[in-house]
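Peer 1: below: sequence and its predicted model.
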Amino acid sequence: MPLIEIEKKELENGYILEIYLNNPQTRNSMTWEMGEIFQTEIEKISKEKELPRVVLLSGRNDVFCAGGDLNLLRSFSTKTFEENCIGMKTFYNFFLSIRRLKCPVICAAPGHAIGAGLSLAFAADIRVFADEGKYSFNFVKLGIHPGMGSSYTAVELLGKSRANQLLFLGEVLDGKKSQEWGVSSFSVPKDQVIAKGREIAESLALSAPLALQELKSNIYDDELLQIALKKESESQARNFISDDFKETIQSILEKRAPVFKGS
């Protein structure tokens, strides 16, 4: 079963491309293999003679993404600080390649988006969430600094006050609250999320593609994002070799709350 599934929807004036995360055993958690495949597919799209009018990013299995895969996170705890600095930034950019697409990207999250999964949703231009979904940055509750660009994109999207509520407190939002906060553009019942995403995609596809591409390039500052990713990778690299993170892994295995000691 492929970890990334691609579907092409033909239009009279072009096409919409749909990309689905698909890791049913772990609620579409992000693995290294998934990241490599994801980046390869994005690079293929970028090189197409005719770009899609819009990309719709979503998840199979009634969920968007549960965040980083536990086995992957455990592997980071066995590496050196230097190895993790390189590895984390590489891993971030596997998935954040979606932000570098010239065409608009809609994230239609039919279920939960947690941690790095929500970070990936923040890399899209427009978000559609499920009323029943749960959306949260749980990084600090796992003993690690926020990653995947979230320390930058959350402030970029929401301003520092709202971003701090999500990043420091790990506040969990449902779809309706996420729309109130401006985290998502739309919140609809779970079974309508993909349809709503397609509706927005078809509407966007009627606009001039060159104008949309110029707009997207002018809205974002990739240089600032890359600076943030460097800081995040260094911070997470330190966290992964800490006793607190070892406690995180042990508490998950023992199904209990972690007890952090700041070491």
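Peer 2: Structure received. Numbering: from 1, shown residues only.
Peer 1: where's Lys216, which helix or strand?
Peer 2: helix 209-219 (DSSP states H and E).
Peer 1: off-centre distance for that helix?
Peer 2: 21 Å (Cα atoms, centre = their mean, to the nearest Å).
Peer 1: can you check stretch 168-178 too?
Peer 2: So, by Cα atoms, centre = their mean, the centroid of stretch 168-178 is 15 Å from its chain's centroid.
Peer 1: same thing with stretch 145-154?
Peer 2: 10 Å.
Peer 1: and if you look at stretch 157-175?
Peer 2: 15 Å.
Peer 1: and it, how far apart are its ends?
Peer 2: 16 Å (Cα to Cα, to the nearest Å).
Peer 1: what comes up buried for that stretch?
Peer 2: Leu157, Leu158, Arg162, Ala163, Gln165, Leu166, Leu167, Gly170, Glu171, Leu173, Asp174, Gly175 (16 or more other Cβ atoms under 10 Å). Using the backbone N, CA and C atoms, a C-beta is placed for each residue, glycine as well.
Peer 1: again with stretch 134-148
Peer 2: So for stretch 134-148, counting by 16+ other Cβ under 10 Å, buried means 134-139, 142-148.
Peer 1: next one: stretch 181-195
Peer 2: Trp181, Val183, Ser184, Ser185, Phe186, Ser187, Val188, Lys190, Gln192, Val193, Ile194.
Peer 1: for stretch 225-235, same thing?
Peer 2: Leu225, Ala228, Leu229, Glu232, Ser233, Glu234, Ser235.
Peer 1: tell me which of these fall in helices.
Peer 2: Leu225, Ala228, Leu229, Glu232, Ser233, Glu234, Ser235 (DSSP state H).
Peer 1: looking at these, which is nearest Phe245?
Peer 2: Comparing those against Phe245 with Cβ to Cβ places Ser235 closest, at 11.9 Å.
Peer 1: how far away is that closest one from Phe91?
Peer 2: Distance from Ser235 to Phe91, counting by Cβ to Cβ, to the nearest Å: 14 Å.
Peer 1: a markdown table for the buried residues of stretch 134-148, including pLDDT and secondary structure?
Peer 2: Supplementary listing: these in a markdown table, determined by pLDDT from 0 to 100; DSSP: H, G, I helix; E, B strand; the rest coil:
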| residue | pLDDT | secondary structure |
| --- | --- | --- |
| Lys134 | 98 | coil |
| Tyr135 | 98 | strand |
| Ser136 | 98 | strand |
| Phe137 | 98 | coil |
| Asn138 | 97 | coil |
| Phe139 | 97 | coil |
| Leu142 | 95 | helix |
| Gly143 | 96 | coil |
| Ile144 | 97 | coil |
| His145 | 97 | coil |
| Pro146 | 98 | coil |
| Gly147 | 97 | coil |
| Met148 | 97 | coil |
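Peer 1: let's have the residues you listed in JSON lines, adding distance to Ser242.
Peer 2: Conversion of those to JSON lines gives the following (distance: Cβ to Cβ, whole Å):
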{"residue": "Lys134", "distance to Ser242": "27"}
{"residue": "Tyr135", "distance to Ser242": "27"}
{"residue": "Ser136", "distance to Ser242": "22"}
{"residue": "Phe137", "distance to Ser242": "19"}
{"residue": "Asn138", "distance to Ser242": "17"}
{"residue": "Phe139", "distance to Ser242": "13"}
{"residue": "Leu142", "distance to Ser242": "11"}
{"residue": "Gly143", "distance to Ser242": "7"}
{"residue": "Ile144", "distance to Ser242": "9"}
{"residue": "His145", "distance to Ser242": "11"}
{"residue": "Pro146", "distance to Ser242": "15"}
{"residue": "Gly147", "distance to Ser242": "15"}
{"residue": "Met148", "distance to Ser242": "19"}
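Peer 1: hmm, Phe95 is touching Ala116, no?
Peer 2: Yes: with contact defined as Cβ atoms under 8 Å, Phe95 reaches Ala116; the gap is 7.5 Å.
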